[in-house]
Every structure is written in C-alpha cells, then in structure tokens.
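Undergrad: What follows is a predicted structure for the sequence shown.
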Amino acid sequence: MRAFRADICVIGAGSGGLSVAAGAAQMGARVVLIEAGEMGGDCLNTGCVPSKALIAAAGRAQATREGGLGVAGTEPQVDFAAVMAHVKTTIAAIAPHDSQQRFEGLGVTVLRDFARFTGPDTVEAGGTRVTARRFVLATGSRPLVPPIPGLDGVPYLTNETVFELSELPAHLLVLGGGPIGIELAQAFRRLGAGVTVVEAARALGREDPELAAAVLENLRQEGVEIVEGARATEVRGQAGALELVTESGRAISGSHLLVAVGRQPAIAGLGLEAAGIATETGAVKTGRDLRTTNRRVYAIGDVAGRGAFTHLAGYHAGLILRPMLFALPARLRDDHVPRVTYADPELAQVGLTEAEARARYGDGIEVLRAPFAANDRALAEGRTEGLAKVIVRRGRPVGAGIAGAGAGELIGLWALALSRRDKLSAIAGMILPYPTQSEVSKRAAGAYFSPRLFDSALVKRVVRLVQRRLP
Ligand SMILES: Cc1cc2nc3c(=O)[nH]c(=O)nc-3n(C[C@H](O)[C@H](O)[C@H](O)COP(=O)(O)OP(=O)(O)OC[C@H]3O[C@@H](n4cnc5c(N)ncnc54)[C@H](O)[C@@H]3O)c2cc1C
Ligand SMILES: NC(=O)c1ccc[n+]([C@@H]2O[C@H](COP(=O)([O-])OP(=O)(O)OC[C@H]3O[C@@H](n4cnc5c(N)ncnc54)[C@H](O)[C@@H]3O)[C@@H](O)[C@H]2O)c1
C-alpha cells in the first residue's frame, strides 16, 4: 500500500471539501483530497446546478404560456431532450472550476477512491494510506429513502436520477413537499407534466406560513396538485402506473415517482468508530468549532447535520481554515445563514421566522410587512404577488423573509444586516435606486419608523415648538 503524509486530508470534493482544499493549498498547506464519485459533489452534479438549470427552462416555458402585459401567451413547444441538454451543458460549463485538473494545478493531491478511517489519524482510499495532522469530513448527504411498504418494489426517482430522465413524465408524483419537492414539482409542471405533491404535514413546512402560502398558491394556480396532511404509507403498481396510498386510504396515481423526503448524512462505510468519531441523530457530532469527538477531525456541510446548503458548506469551510492553518479559534454562528426555495415566486429567509422569534422572545418583537403590491417596479412588471416580512427586536432585525419575484437576490441585504447585527435604521437610511424591487426591504424597515414619527404626539409638539421659533 502506498503511504502518503499530508497536513490536511479532505474527504469529499463537494461544496465544502473543495473550498477547504482550495483555501488550504493556496495558503501553503499540503493537502490531499479524496473523492469517491464525481468532482463537485451533489450541488454541481445532482443538486443546485441541474435543478436551477431545469427551473430556468421551465420559467421560459411558463413565460411563453402566460404572456401578459399586453402580450398574448401561447402554449410553448417544449423539447424535453433539449431542456435536459441545457441541464447537462450548464453542469459542464461549471465543472472545470471543480475539476481534478484545477485542484492539482493548485497543488492538491487528488485521490479518486472511497475513503475510510482505519485509525484516529489514518485514512485508506484504494491503494493509498493517508496520515494527516488534520482531517475534514465533507462527505455530504444522500437522499433519504423511507421504509414505505412497496417502495422498494417499484421504480422511483431521487435527485440522483431525476436529471437523467430522457422523456417528460406524463404524471409525476412527488413524495415530500420540502424545497426539493416543491422546486421540481413546479418545474416539471411548467414543462408540461401533470404533477401531484403528497406531503405528510404542511408543504414548505419549515417556512413562515404566510410566505409559503404566496408560493404554494401560485403552484396550485399553475396546476400542481398539492395534497397536504397526507402521509404516504404504501406504494403500489409498476413502471408507468404507480399509486401512492396515504394514511387515510386515498390512492393517488401517476406515471413516475420522485422521492424527496429529506436527506441522510453520508457516513456509511466511513469507519467512524475506528477514528473515535461519534454521531448524533444520524449526522457527525460536532461542537461549535465544527470539531468532531476526534479533535483532529472536522466535519462540515451536509454531513454535520446543521443544514443542507452549498453556501453553508462554504461558510463552514472558511471557518475551519482559521484553526487548521493558523491555530486561531473559530466559532460557528447560525443566526445569519440565508436559505432560498427557488420556486416562482421565490421564498427567501434569513434569521428567525415570526414563529421562531415568538417562541424565543415572546411578545418582545415587532413584525413589519411590505407587500410587493405596493412596490412601483413590481406593479410595472406585473409581479405583485408576495411580501417582505421583517422581525425586529429592540430596533434590530432578527429575521427577514421574502416571498416574491427575485426574493433570493433581495435577501442578500438582510443577510448582511443580520451578519453585522445592524440596526434597522441602517436599512431605512439607505438610498436605493427607484424603481427597484429592493425598495420593498426599505419599505419594510420604514414601517418600523413611520408610526414612531408620524403617530407621535411628542414629535408633533416638538415640530410645532421649533416652527414657532424658526425665523
Ligand atoms: C435537488 C437539490 C437541489 C439543491 N439546491 C440547492 C440550492 O439551490 N442551494 C443550496 O445552497 N443548496 C442546494 N442543495 C443542497 C446542496 O447541494 C448541498 O447542501 C451541498 O452540496 C452540500 O455540500 P457538501 O460539501 O456537504 O456535500 P456534497 O456536495 O454532497 O459533496 C460530498 C462529496 O463527498 C463524496 N464522498 C462521500 N463519501 C465519501 C467517501 N467515503 N470517500 C470519498 N468521497 C466521498 C461524494 O461523492 C460527494 O462528491 C440542493 C440539494 C439537492 C439534492
Ligand atoms: N434551494 C435550496 O437551497 C435547496 C433546494 C433543495 C434542497 N435543499 C436542501 O436539501 C434539504 C432536503 O430537502 P427535501 O425537500 O428533500 O427535504 P425536507 O426535509 O425539507 O422536506 C421533506 C418533506 O417530506 C415530508 N415527508 C416525509 N415523509 C413523508 C411521507 N411518508 N409522506 C409524505 N410526506 C412525507 C416531510 O413532512 C417534509 O415536509 C433541504 O432541507 C435543503 O436544506 C436546498
């Protein structure tokens, strides 16, 4: 067996692992990066990138269908194979950035094998034994496939196979109304498939219900059937004719089934016990410094079970470079991590939702709202659905959510404000170009100050006093 010694051994070349490897190598560390599958991980190959490419094509189809603002809509001619070619082209355009060649160019040693720990400071991958000062577990997550009777006897899709489809499903059953289910349900519907989402509880259940409603209403209007409060307890049928049976006994039929009921951290076969790495509720257990129970080993991204977002994995990566390279302390914050569901309209959130803020602070919060229907640009664009909702405590935003066109772009402002722990006056005092949708955020912030200025007897008294004395 070949022996290799490194400063840092990174397992998994996805969003988190690549960021660590690139940063550490460029700052002088000797890095080995081990990847069992495709370079780029879930996000590039089976997650963010293909889903957003598919969503973009579906958006074109819908815009053609809807027309509007005086332009007649017409039923689009969707060439599904060409749409999937766009998905593949997008992956191929981004792939060089994550490629083995690029990383080797940065000085990283890349091993293309499955890695497993054989001891507290040793990993084996193929024919190589790697010992290192520090290890980074960045193995991501896999689709959770629930033990529903009948599921293992029928063909089903997950995010790992759905982007391989060559023909548009006649009727897609989507099991799970989380972000994956909702994004893909709308995309397939817009491309011409019949779609039914079967959700055990509430669709987009993690989100503020008021914001989620704006999104789900649009999906329903577009013809996506969303069946909520319906736990699937059985799957029946065969390829092309499937049935999901819910707890109440209702059978819902479709031609294809997409399973999107969550993720499970990828820890199988990693030999965590050999390295003394503990797990907790299925994820690798870490402290606020992202260290595992083996002090040499960090866990970042999906495998750490603290959320499943590419930007979160990237944040984790940046954080652990401090202690690994410079022996400086690092401590995780999670109050400023944004998330976006890329349905149309988009739903974006950073910090606490209203319900989370009430649970933490009781009545010590104020809730500000600004509807897109009162935004001049939104009116001109004919995109007036949705609202911005900001939760304020003692003059500072502790959460902001936006449902509306381009919400994913608009949330950036609030992500900055929350990360800096800015006061709301910073947003209200900002000058924004007119007319832009971003003014919806300023309007929400303004809603905090308006009553304090315009409904205050004291302010009125002061103004009258000053006016009497002014020359
Ligand atoms: C359909 C879908 C859409 C998504 N859309 C978004 C989005 O729009 N925005 C967003 O922020 N997030 C999105 N996500 C989530 C995002 O893809 C993940 O959060 C992100 O990829 C996690 O990065 P990671 O580095 O933790 O793991 P990954 O990117 O999954 O990388 C882990 C890598 O480790 C490798 N590996 C695993 N075990 C081993 C081993 N033992 N040895 C060697 N290699 C191993 C895997 O092959 C993989 O390449 C989406 C996910 C899905 C499924
Ligand atoms: N835009 C993004 O950033 C983006 C997009 C997709 C995924 N992701 C990440 O991936 C994660 C996983 O997404 P997801 O949508 O697979 O999972 P999820 O956990 O967010 O949602 C799964 C849904 O499935 C439902 N469910 C579970 N068992 C069921 C059953 N038997 N019958 C009916 N419904 C059932 C749950 O109630 C839940 O609402 C997300 O939480 C997110 O972190 C991010």
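TA: Received the coordinates, thanks. Ligands and ions are numbered 1, 2, ... in the order given.
Undergrad: distance of R65 from G194?
TA: Going from R65 to G194 by C-beta to C-beta, to the nearest Å gives 15 Å. The way it works is simple: take the backbone N, C-alpha and C, and place the C-beta from them, glycine included.
Undergrad: Next: P265.
TA: The value you get for P265 to G194, if C-beta to C-beta is used, is 34 Å.
Undergrad: Using CSV, write down the CA coordinates of the strand or helix carrying A25.
TA: Element membership for A25 (DSSP states H and E) is helix 15-26. This file holds the C-alpha atoms of helix 15-26, laid out as CSV (Å, rounded to 0.1, in the frame of the first residue of the first chain):
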residue,chain,number,x,y,z
SER,A,15,-19.1,22.3,-2.0
GLY,A,16,-17.5,22.1,1.5
GLY,A,17,-14.4,19.9,0.7
LEU,A,18,-13.4,21.8,-2.4
SER,A,19,-13.5,25.1,-0.6
VAL,A,20,-11.3,23.8,2.2
ALA,A,21,-8.8,22.2,-0.2
ALA,A,22,-8.5,25.3,-2.4
GLY,A,23,-8.1,27.6,0.5
ALA,A,24,-5.7,25.5,2.4
ALA,A,25,-3.5,24.6,-0.6
GLN,A,26,-3.3,28.2,-1.8
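Undergrad: now for it, which elements pack on it?
TA: Under the contact definition 3 or more C-beta pairs under 8 Å, 6 or more residues apart in numbering; DSSP states H and E, helix 15-26 sits against strand 2-11, strand 31-34, helix 41-46, helix 100-105, strand 128-137, helix 310-326.
Undergrad: Could you check the angle the first one makes with helix 310-326?
TA: Between strand 2-11 and helix 310-326, the angle comes out at 130 degrees (axes from the mean of the first three to the mean of the last three C-alpha atoms, to 10 degrees).
Undergrad: How about strand 2-11, which residues are buried there?
TA: Neighbour-count burial for strand 2-11, counted by 16 or more other C-beta atoms under 10 Å, picks out F4, A6, D7, I8, C9, V10, I11.
Undergrad: Mind naming the longest helix for the protein?
TA: helix 48-66 (DSSP state H).
Undergrad: residues making contact with it?
TA: 42-43, 73-76, 78, 83, 86-87, 90-91, 94, 159, 163, 180, 183-184, 186-192, 222, 310, 342, 344 (C-beta atoms under 8 Å, 6 or more residues apart in numbering).
Undergrad: One more pass at 7 Å, please.
TA: Contacts with helix 48-66, where a contact means C-beta atoms under 7 Å, 6 or more residues apart in numbering, come from 43, 73-76, 78, 83, 86-87, 90-91, 94, 163, 183-184, 186-187, 190-191, 310, 342, 344.
Undergrad: domains in the protein, as residue ranges please.
TA: Using automatic domain parsing, the domain parsing of the chain gives 2-39+99-143+264-326, 151-261, 339-454.
Undergrad: Minimum distance to ligand 1: which of the ones you listed has it?
TA: With C-beta to the nearest ligand atom as the criterion, ligand 1 lies closest to domain 2-39+99-143+264-326 of the domains of the chain, at 1.9 Å.
Undergrad: Ends of the closest one, what's the gap?
TA: 29 Å (C-alpha to C-alpha, to the nearest Å).
Undergrad: List the residues that contact the residue in the chain that ligand 2 sits nearest to.
TA: Going by C-beta to the nearest ligand atom, ligand 2 is nearest to G178 of the chain, at 2.1 Å. G178 is in contact with A260, G262, counting by C-beta under 7 Å, 6+ apart.
Undergrad: count of neighbours near E381?
TA: Neighbourhood size, E381 [other C-beta atoms under 10 Å]: 16.
Undergrad: Using TSV, please lay out the domains of the chain together with mean pLDDT.
TA: Output for the domains of the chain, formatted as TSV (pLDDT from 0 to 100):
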stretch	mean pLDDT
domain 2-39+99-143+264-326	98
domain 151-261	98
domain 339-454	97
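Undergrad: Ok, which of the helices and strands packed on helix 15-26 comes nearest V390?
TA: Nearest of these to V390, taken as C-beta to C-beta: helix 310-326 at 20.9 Å.
Undergrad: is the helix or strand following the closest one up against ligand 1 anywhere?
TA: Where DSSP H and E defines the elements, the next helix or strand beyond helix 310-326 is strand 339-341. No: Strand 339-341 stays out of contact with ligand 1 when judged by C-beta under 6 Å from any ligand atom, the minimum separation being 6.8 Å.
Undergrad: so what secondary structure elements neighbour strand 339-341?
TA: helix 179-190, strand 346-351, helix 407-420 (3 or more C-beta pairs under 7 Å, 6 or more residues apart in numbering; DSSP states H and E).
Undergrad: a markdown table please, covering the ones you listed and showing mean neighbour count and distance to ligand 1.
TA: Formatted as a markdown table, these follow (neighbours: other C-beta atoms under 10 Å; distance: least, C-beta to the nearest ligand atom, whole Å):
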| stretch | mean neighbour count | distance to ligand 1 |
| --- | --- | --- |
| helix 179-190 | 25 | 5 |
| strand 346-351 | 25 | 10 |
| helix 407-420 | 19 | 9 |
